[in-house]
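> dropping the sequence and predicted coords here.
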Amino acid sequence: MNLSLLVLVPLITAVAVVFCKGLNGIRWVSLVGATVQLLLSFGLLALYWKERAAGNGAAFLFEYRHAWFPSWNIWYHVGVDGISIAMILLTAFVMEAAILVSWAIKPMSKEFFILLHFLSAGAYGFFLSLDLFTLFFFLEVSVVPKFLLIGVWGSGRKEYSAMKLALMLMGGSALVFVGLLGLYYNTGGAGGTHSFDLMSIAQMHIPVEVQRQFFPFLFVGFGIFTALFPFHTWVPDGHSSAPTAASMFLAGISMKLGGYGCLRVAVFLMPEGAREYSPIIILLATIAIVYGAFATMMQKDLKYINAYSSVSHCGFILLGIGMLTRTAIAGAVMQMISHGLMTALFFAAIGMIYDRTHTRLVQQLGGLLKIMPFISTVFVVAGLCSLGLPGLSGFVAEITVFMGSWERAGEMYRLATILACASIVITAVYILRATGQAIMGPVKDTSFNGLADATWNEKLAGILLGIGIIAIGVAPFWLSELLGPGVSAIMDHTGKAL
Amino acid sequence: MSNYAYIALIPLLPLAAFVVLGLFGRKYFRGWSGGGGTFAVLLSTGLSLWTAYRYFFAEGKVGGGYHPVTALKFVWLSFSPGLSIDMNVILDPISVMMIVVVSFISLMVHIFSLGYMKGEERYGTYFAFLGLFTFSMLGLVLSGNIFEIYIFWELVGCSSFLLIGYYFDRPTAVAAAKKAFIVTRLADLGFLIGILILSFHAESLDFRTLIQRLIDPGSQLAGITSASFLGISLLSWGLFLVFVGGAGKSALFPLHIWLPDAMEGPTPVSALIHAATMVVAGVYLVARLYPVYIYSDTAVLQVVLYAGALSALLAAVIACTQTDIKRVLAYSTMSQIGYMMLALGTAHPVGEAATLGYTASMFHLFTHAFFKALLFLSAGVIIHRVHSNEMKDMGGLRKFLPLTHGCFLIACLAIAGIPPFSGFFSKEDILLSAWHANKFVYGIALFTSGLTAFYMFRLYFSVFWRREVWGGGHGAHPVGGRDGHHGEAPAAMKIPLVILAVGAVFAGFVPFSRLVTYDGMPQESHGVGVFAIAPVAMALVGILVARYLYFKESGRSEKTAAALGGLYKAAYHKFYIDEIYSFVTKKIIFNLIGRPAAWIDRHIIDGGMNLLAAVTARISAGIKGLQSGRVQDYALYFFAGIAGLTVLFIYLYT
Amino acid sequence: MSQVPLNHILVVSTALFFIGMYGLFTRRNMITMLMSVELILNSVNINFVAFNKYLYPDKLEGVFFTLFIIAIAAAEAAVAIAIIINLYRNFHSIDVEDAGEMKF
């Protein structure tokens, strides 16, 4: 299967949207494009399983290479393994839901959908890349659309948030680029050619001194995408000012670009560096988890609650990666997927509420369960997933991280694990506070009484993401089998360093 | 091993009811939802009874004792080879007993709810949630893997939240639901950490393997007993933390604050969840891990013992002063669970008492389910009739609710421990076990049993005798009631009362110690001997005091309350524990941790980023003067550059 | 009569150069700035001729270059006047401070 299709389909959809006339044409074309993408992703999954069942044990499947800048040995190189496929599926689900939720975007709808498609093309390309330059290229493709989406279609302090988000993410990309150059110029040894190729660099042994210098660049650069403390402040403002689809994409996918990069690039290629810096990573991740959760408790705006909770949940990703045990890394990847689906669902619900009531302040809402039962149920399901209720995906990811983190002996690591576990209580507090005030309770503002419940597109979006969450929550074995080989490959490589 | 695989249906049938009723109950089924849910639970009950028959009487007895049987097992989430969460169904004496209890009480509650919740707008949702709860609880008791039990533990907590918050437009109900969830979550944190500790050292999550490895002194996993943290071995920490989890769910002091507030839920829910089933989950958990508890150092068992005893006493004292009928019953539940816990805590590695405590605890769990559910359902009938929970609105109801009166009296006699009702047998076993273990705790338990009789009969007399609130014949309207039906409740509500009353009377005659014991080997039950005199006497004293104070409307109760002064007031305010919690959470956690965290994030960290941006902007504003637009300035820069280059070249090349 | 030392001529041309620079930097009238630029160019001419005569008497490149500069200076003066006229048309002033639009 030609993987570049996954990148081309969104681009073709974007071009097709250019030629559409009315709002109806634009959104249906977008929806068709996203659905095709979703079907392609499932097809890829099926083909992948078939290949694996047939005994193909290669690290990456469906590889495709094309020389891009031969003089610098830069190739366009794509391929997938279990982790990539899981991330691609996540992107497909979230994109489909995002387009469904944005059904009624009013000013400049054409531009909005085109930007969404570019964003997704960037994300798909990122997860497929096996060459560091290609990876970085796709990372950058997605930055400008984010800026425009927030700055034009957002709410609240949108210009400020858009600027802050774009600058901080570009700062992260700049750091990543420095790290990539560091890798590039240290490959090939004396007289050999430099290379950006992921697998080749993995085979080479990068000197420990170089790793010590460049690992922070790579990890912090990617970490900024995943809300590494203290560079996480773009998250609250960015997610809250963004329009619903952009929030879903930002929190659901964009933050995972960082986690994926940390794992695939930073830890995989520089295992000794990862080992050395792991105490600091764990410290920062634990702070993000606990401090993020406490900060969430005090927020009054639903979107800010969800945004800060994203900071806290993405702390689990970084904690899992920092612990450097097989189970913890598997947990980190599961958390990427679970959190992506969950936060997309949550933002979708909040967006639906905001569209109707024009307020996101928890104090002004109340008794929504009576007025909009479907949306409220979606909200409650997302909230329960966030606090890690078994049967939903959040629980699976969190306990895998906990079990994996506990495996690492040492007082400090055990303490970090205990603090991370303690966050389940704090999460319960803020989720239930928000639910209790906004969803349950008596109706606060009687003018809300006539508001409509979800329309067909919103219901479909909610159901789609809900199915994803429940599928992972009730039957996690398929996901852990999918991720297993990929995580083992990374661990084998890293394990040599430990 | 015979085929018990159909066991999976027992929890799955109510789950199916949840899914179907949850998705379609509101729009499509309406009135049929109740019937559908009840039917599913009826099937489950049938299967449970059949399993119990097979296990206890037909096939289970292997080698003279009842041994655990693994009915079903598949890998759910694998962490590493050998360490995985399995969906594992285990059958041993306590799990079989529990599935019978849970499904049976759930069935009674379903039937009762057919009448009680009739006409509710969200009728279908109610039965869906009941189905979810029944599924979770059945899954919990059948779990053979410690993480599996945690999964169902959390699901039970979630169902409880949904059901307590059923009347969600009432702020008190919402607050109560939140409180229940958060307090039990806090306890679950302890449970989780305990699981991590125990499973890491035993390298397994499966109960049987875990227990085997942890009690084997020769295993290579000696690390768990030798390693220690703050002077206490890791094994003790693990067990203690697991017990904390159980204590939260079972509302032991000091994690009990959620239970009285949970009475905001509909009364049948209180009967099911907060009396007979969910709250005993903690006791069940300790019983599951009992071999490890016995073999670890006795410190943890002492904690179990004293926590149970303290809860029993404290709850009994508070119950003597409460005026809301459901709250009295809630505190009574807390007290009885305290009994169950203290029975488990009375084990010694040697002697009779080692296994007597276990059997006594499970026996009391069994009988308690019957009479407590009966009490709550009767309270439901009373509340349904009187439209109020307060004892002051009740009185002389024996004329209007004769059947309820009879059932309530039976339940009160059972809970007070009057022979030959069921409570007598189970309580006697507990007291016997306590006597062998710790005389001080025995004393507390004995005193508490007197208090139990007192407050229960205080309730009984106040509701059914005392005063005639509704004087004037049969045509009189009750306080606040406008409904047409005078007299007793509809049939749906009467049937469970009768069945449970029969259970409360005869459950004591089940030869429990021959069926449910610690090591599976049947034991002969003790005869009713001299030992039984003390508790029965205490109970009779309690009943007589209650009769003296409450049988008729006289000022005696108020005078006694005034005489007890401060103690009465403190007990009435539940010893201000709620206020302490509220203080700690609001003033300390929110104000001292939460608010600063949010402030620091907004002003310091984000401020740092904004500072960076501001500095950049200032520098930019500062140097933009270079681009002055004046040609002569530019010319000056050219010449300065040339001069600089000239000097540079002169230096470089000479 | 003895030749004038090279240094003296160079001093003259340097003085002329810096006077021209000073005029370029400080005068406000654009015509005067143009005159200063001519001074600079002429000082360079003197330098070329002097070096040619004193150091390479048998070659003529310096003189050629001088002629070249004279021609270019004339052309450049014409272009500069054209620009100044255009600026005058827009800003109604030949004060160089008034033509300061190309800034931040």
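In hand now; what should we look at? Numbering: from 1, shown residues only, chains lettered A, B, ... in the order given.
> measure the closest residue to chain A within chain C to B:Q627 for me?
Of all residues in chain C, C:F104 sits closest to chain A, at 19.9 Å by C-beta to the nearest C-beta. Every residue, glycine included, has its C-beta placed from N, CA and C. From C:F104 across to B:Q627, the span is 5 Å (C-beta to C-beta, to the nearest Å).
> where does the chain dip in pLDDT?
Here I'm looking at chain A. Scanning chain A for pLDDT under 70 picks out the ranges A:1, A:188-192, A:496-498.
> that's the wrong chain, I wanted chain C
C:1.
> show me which helix runs longest in it.
What stands out as the longest helix in chain C, according to DSSP state H, is helix C:61-91.
> what's the local residue count around residue 22?
All of this is about chain A. 10 (other C-beta atoms under 10 Å in any protein chain shown).
> not what I meant, chain C
12.
> CA atoms only: put stretch A:46-58 into PDB for me.
Output of stretch A:46-58 as PDB, limited to C-alpha atoms (Å, rounded to 0.1, in the frame of the first residue of the first chain):
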ATOM      1  CA  ALA A  46      -6.000  -4.600   8.200                       C
ATOM      2  CA  LEU A  47      -3.100  -4.900   5.800                       C
ATOM      3  CA  TYR A  48      -0.600  -4.400   8.600                       C
ATOM      4  CA  TRP A  49      -2.200  -7.200  10.600                       C
ATOM      5  CA  LYS A  50      -2.200  -9.400   7.600                       C
ATOM      6  CA  GLU A  51       1.500  -8.800   7.000                       C
ATOM      7  CA  ARG A  52       2.300  -9.500  10.600                       C
ATOM      8  CA  ALA A  53       0.300 -12.600  10.700                       C
ATOM      9  CA  ALA A  54       2.100 -13.800   7.600                       C
ATOM     10  CA  GLY A  55       5.300 -13.600   9.500                       C
ATOM     11  CA  ASN A  56       6.800 -10.400   8.300                       C
ATOM     12  CA  GLY A  57       8.900  -9.300  11.200                       C
ATOM     13  CA  ALA A  58      10.500  -6.200   9.800                       C
END
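> for it, list every residue counted as buried.
A:48, A:52 (16 or more other C-beta atoms under 10 Å in any protein chain shown).
> in chain C, what residue is nearest chain B?
The nearest approach of chain C to chain B comes at C:K103, 2.9 Å away (C-beta to the nearest C-beta).
> now do the contacts for the residue of chain C closest to chain A.
Contacts were defined as C-beta atoms under 8 Å, 6 or more residues apart in numbering or on different chains; by that measure C:F104 touches B:624-625, B:627, B:629.
> contacting chain A as well, which ones from these?
Applying C-beta under 8 Å from any C-beta of the partner chain, the subset of those adjacent to chain A is empty.
> interface residues of chain C facing chain B?
Within chain C, the positions adjacent to chain B are C:21, C:24-26, C:33, C:96-97, C:99-104 by C-beta under 8 Å from any C-beta.
> recalculate using a threshold of 6 Å.
Within chain C, the residues that sit near chain B (C-beta under 6 Å from any C-beta of the partner chain) are C:24-25, C:96, C:100-104.
> from those residues, which ones fall inside helices?
Short answer: the residues of chain C next to chain B in helices (DSSP H) are C:24-25.
> scan the residues of chain C next to chain B and report the most crowded one.
C:L24 (21 neighbours).
> which residues sit in contact with it?
B:635, C:33, C:36 (C-beta atoms under 6 Å, 6 or more residues apart in numbering or on different chains).
> filter those residues to the buried ones?
Looks like these have C:33, C:36 buried, using 16+ other C-beta under 10 Å.
> just send the contacts of C:L24 back as a markdown table, with distance to chain A and secondary structure too.
Converted to a markdown table, those look like this (distance: C-beta to the nearest C-beta, whole Å; DSSP: H, G, I helix; E, B strand; the rest coil):
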| residue | distance to chain A | secondary structure |
| --- | --- | --- |
| B:A635 | 36 | helix |
| C:M33 | 43 | helix |
| C:S36 | 46 | helix |
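> can you tell me the helix or strand for the residue of the stretch 51-200 of chain A found nearest chain C?
Nearest to chain C in the stretch 51-200 of chain A, going by C-beta to the nearest C-beta, is A:M163, at a distance of 19.9 Å. Using DSSP states H and E, A:M163 falls within helix A:158-185.
> who are the packing partners of that helix?
helix A:143-153, helix A:208-225, helix A:234-241 (3 or more C-beta pairs under 6 Å, 6 or more residues apart in numbering or on different chains; DSSP states H and E).
> same thing but 7 Å
helix A:132-141, helix A:143-153, helix A:208-225, helix A:234-241 (3 or more C-beta pairs under 7 Å, 6 or more residues apart in numbering or on different chains; DSSP states H and E).
> could you check the angle helix A:208-225 makes with that helix?
Relative orientation of helix A:158-185 and helix A:208-225, computed by axes from the mean of the first three to the mean of the last three C-alpha atoms, to 10 degrees: 160 degrees.
> name the residues of helix A:158-185 that come out as buried.
In helix A:158-185, counting by 16+ other C-beta under 10 Å, buried: A:158, A:160-169, A:171-173, A:175-180, A:182-184.
> can you tell me the closest non-neighbouring residue to B:G157?
Distance criterion C-beta to C-beta, 6 or more residues apart in numbering or on different chains; nearest residue to B:G157, sequence neighbours excluded, is B:T184 at 4.9 Å.
> and the one you found, what does it touch?
B:157, B:248-249, B:258 (C-beta atoms under 7 Å, 6 or more residues apart in numbering or on different chains).
> 6 Å instead, please
With C-beta under 6 Å, 6+ apart, B:T184 has these contacts: B:157, B:248-249.
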